[in-house]
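# quick one, what's the 3D model for this:
(chains A and B)
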Amino acid sequence: GESVGLHLPTLSVQEGDNSIINCAYSNSASDYFIWYKQESGKGPQFIIDIRSNMDKRQGQRVTVLLNKTVKHLSLQIAATQPGDSAVYFCAETVTGANSKLTFGKGITLSVRP
Amino acid sequence: KAGVTQTPRYLIKTRGQQVTLSCSPISGHRSVSWYQQTPGQGLQFLFEYFSETQRNKGNFPGRFSGRQFSNSRSEMNVSTLELGDSALYLCASTISGYNEQFFGPGTRLTVL
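Numbering: from 1, shown residues only, chains lettered A, B, ... in the order given. Predicted coordinates:
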């Protein structure tokens, strides 16, 4: 499959540990944020989203935290599994009919067995 | 429900040629966006089409163009290819008014 992880920072975690992936976003007007996961040879896959009127949202094994004061977003993955190995992107947008997603550079998560 | 499909999956072209990529959105989705993904620049927005009209455009030269058909299928065209156009081109669809975009697997374009 294609490699999309070249030149990206890498986070290496032990299987079973919790992972925290951080992202700094750029536009203070952004009010909707999404985390995507991209595996080799595939397009980005939606993980979890959060709107700016919230500071925390939980999904299955994942939690997203939003700090609007410092324009920071984080994705926490509980009990990281080998299948979580992928490139993770945060994306931001200002909601509206003409909104477009602006993606962060991405981080490669590598899970050690 | 079938996902977003893109054709072809892989393409090799030479400098100066042109290329057309195709995207079929999820049934019922009327908005289609295109992104370019490279190791150096990451994911960059190209343009978005809704109801056959381009309603948003990224910062790419005019060599990059697109269109959308009445069935919401979309094509993007790159003319006078340059080596730097080598990338993974991703298409995403969404129901208008929502921001969750569903991505296809991409077309890997290599320019020699």
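# mind listing the strands for the chain?
Unless you meant another one, I'm taking chain A. A:10-14, A:19-24, A:32-38, A:45-51, A:56-58, A:62-67, A:72-77, A:86-93, A:102-103, A:107-112 (DSSP state E).
# I was after chain B.
B:5-7, B:10-13, B:19-24, B:31-38, B:42-50, B:53-57, B:64-68, B:74-78, B:87-94, B:102-103, B:107-111.
# can you list the strands that the first one pairs with?
Spelled out, that is strand B:5-7. Here strand B:5-7 is paired, per DSSP bridges, with strand B:19-24 (antiparallel).
# likewise for the last one?
Strand B:107-111 pairs in its sheet with strand B:10-13 (parallel), strand B:87-94 (antiparallel), by DSSP bridges.
# who's in contact with it?
For strand B:107-111, contacts defined as Cβ atoms under 8 Å, 6 or more residues apart in numbering or on different chains pick out A:2, B:6-15, B:19, B:21, B:78, B:81-89. For the C-beta atoms, the positions are set from N, CA and C on the backbone; glycine is no exception.
# need the contact list for A:Ile77.
By Cβ under 8 Å, 6+ apart, the neighbours of A:Ile77 are A:18-21, A:61-62, A:84, A:109.
# rewinding a little: would you turn the strands of chain B into TSV with mean pLDDT?
Formatted as TSV, those follow (pLDDT from 0 to 100):
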stretch	mean pLDDT
strand B:5-7	97
strand B:10-13	98
strand B:19-24	98
strand B:31-38	94
strand B:42-50	93
strand B:53-57	91
strand B:64-68	97
strand B:74-78	98
strand B:87-94	95
strand B:102-103	92
strand B:107-111	97
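# so which of the strands of chain A is nearest B:Ser31?
Closest to B:Ser31 of the strands of chain A, according to Cβ to Cβ: strand A:86-93, at 12.8 Å.
# just want the most central residue of chain B.
In chain B, the residue lying closest to the centroid (Cα atoms, centre = their mean) is B:Trp34, at 3.4 Å.
# chain A too?
Centroid-nearest residue in chain A, with Cα atoms, centre = their mean: A:Trp35, separated by 3.6 Å.
# now do the contacts for that one.
By Cβ under 8 Å, 6+ apart, the neighbours of A:Trp35 are A:21, A:47-49, A:62, A:64, A:73, A:75, A:88-91.
# who does it form a beta bridge with?
Residues in beta-bridge contact with A:Trp35 (DSSP bridges): A:Ile48, A:Cys90.
# does anything pack onto the helix or strand bottoming out on mean pLDDT in chain A? Which helices or strands?
Within chain A, no helix or strand scores below strand A:102-103, which has a mean of 91 by mean pLDDT, DSSP states H and E. With contacts taken as 3 or more Cβ pairs under 8 Å, 6 or more residues apart in numbering or on different chains; DSSP states H and E, strand A:102-103 sits against strand A:86-93, strand B:42-50.
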